[in-house]
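Engineer: Next input, structure requested:
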Amino acid sequence: MSALLARLSAWLHRQMPTHQQLAANRLTAPFARRQELFRFTRRSVPRGVAVGLLVGIFALIPGIQIVGAALLCVPCRGNIPIAAAMTFLSNPATTPLILAASIWVGNLLGYHADLSTFYALYQSGAGAGEWAGWLLSDAAPALVVGLFVISVLCAAIGYFVSVWFWRWWIGRKHQARRLRPSRTLPAPEAGSEPAA
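Structural biologist: Purely as a prediction, here's the structure:
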């Protein structure tokens, strides 16, 4: 497991854009002098995880998720590549589960959204007009409040898990470094004079 993580870490470091590459691209040039947005540090990675989960779950629109996460990373000083990767946790396979859980949470908080109508629309492959009509009913407040609660909770959990994982990873690296045999210089021979 640690060998796989070491190879993944080495691959990520090789894929990291250089300062010159960031400055040469017109889209990333404004962020080129803010290296913490692209470096994997103990502060930027958990912030990137939290921002990516917050935006990825709350927005649920693929193009807006990555752009929103990148823009929110700037004031939060989070890692943009990590935030962009975290937005992919909400994908076509997980979106129905996120929506159903959001409606359920919204209903627990006192809103009234009909979950059976949601399932019927989803299973029948409803068009945008039918979904818009459903959202304009009582479902919209339940959905938005539920998405907000779930995204904030996931962001907080993701932040603390990534902080723990970062400390565990660094601790293993330090332990491996301590266990490595130290390379000592050979002792000078008797009678030889030290080099000047």
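Engineer: Now do the contacts for Arg14.
Structural biologist: If you count contacts by CB atoms under 8 Å, 6 or more residues apart in numbering, Arg14 has none. In this view, the C-beta of every residue, glycine as well, is placed from N, C-alpha and C.
Engineer: Quick check: the gap between it and Phe38.
Structural biologist: 14 Å (CB to CB, to the nearest Å).
Engineer: Gly52 now?
Structural biologist: Applying CB to CB, the value for Gly52 to Phe38 is 14 Å.
Engineer: same deal with Asp114?
Structural biologist: 45 Å.
Engineer: With neighbour numbers in mind, choose between those two.
Structural biologist: Per other CB atoms under 10 Å, whichever of Asp114 and Phe38 has more neighbours is Phe38, with 22 against 15.
Engineer: gap between that one and Ala59?
Structural biologist: The value you get for Phe38 to Ala59, if CB to CB is used, is 22 Å.
Engineer: likewise Ala126?
Structural biologist: For Ala126 relative to Ala59 (CB to CB), the value is 21 Å.
Engineer: Where does pLDDT dip in this protein?
Structural biologist: Residues of the chain that meet the criterion pLDDT under 70 lie in 1-2, 5, 8-9, 12-13, 15-19, 21-22, 27-33, 35, 138, 182-196.
Engineer: re earlier: more neighbours, Ala126 and Ala59?
Structural biologist: Ala59 (19 against 16).
Engineer: Name the helix or strand for the nearest residue to Leu115 once chain neighbours are set aside, please.
Structural biologist: Closest residue to Leu115 apart from its sequence neighbours, by CB to CB, 6 or more residues apart in numbering: Ile103 at 5.4 Å. Using DSSP states H and E, Ile103 falls within helix 95-108.
Engineer: As CSV, could you dump the C-alpha coordinates of that helix?
Structural biologist: Output in CSV follows, covering the C-alpha atoms of helix 95-108 (Å, rounded to 0.1, in the frame of the first residue of the first chain):
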residue,chain,number,x,y,z
THR,A,95,-25.9,12.4,-8.4
PRO,A,96,-29.2,10.6,-7.9
LEU,A,97,-28.1,9.5,-4.5
ILE,A,98,-27.0,13.0,-3.6
LEU,A,99,-30.3,14.5,-4.8
ALA,A,100,-32.3,11.9,-2.9
ALA,A,101,-30.3,12.4,0.3
SER,A,102,-30.7,16.2,-0.1
ILE,A,103,-34.4,16.0,-0.4
TRP,A,104,-34.6,13.6,2.6
VAL,A,105,-32.5,16.1,4.7
GLY,A,106,-34.6,19.0,3.5
ASN,A,107,-37.7,17.2,4.5
LEU,A,108,-36.2,16.4,7.9
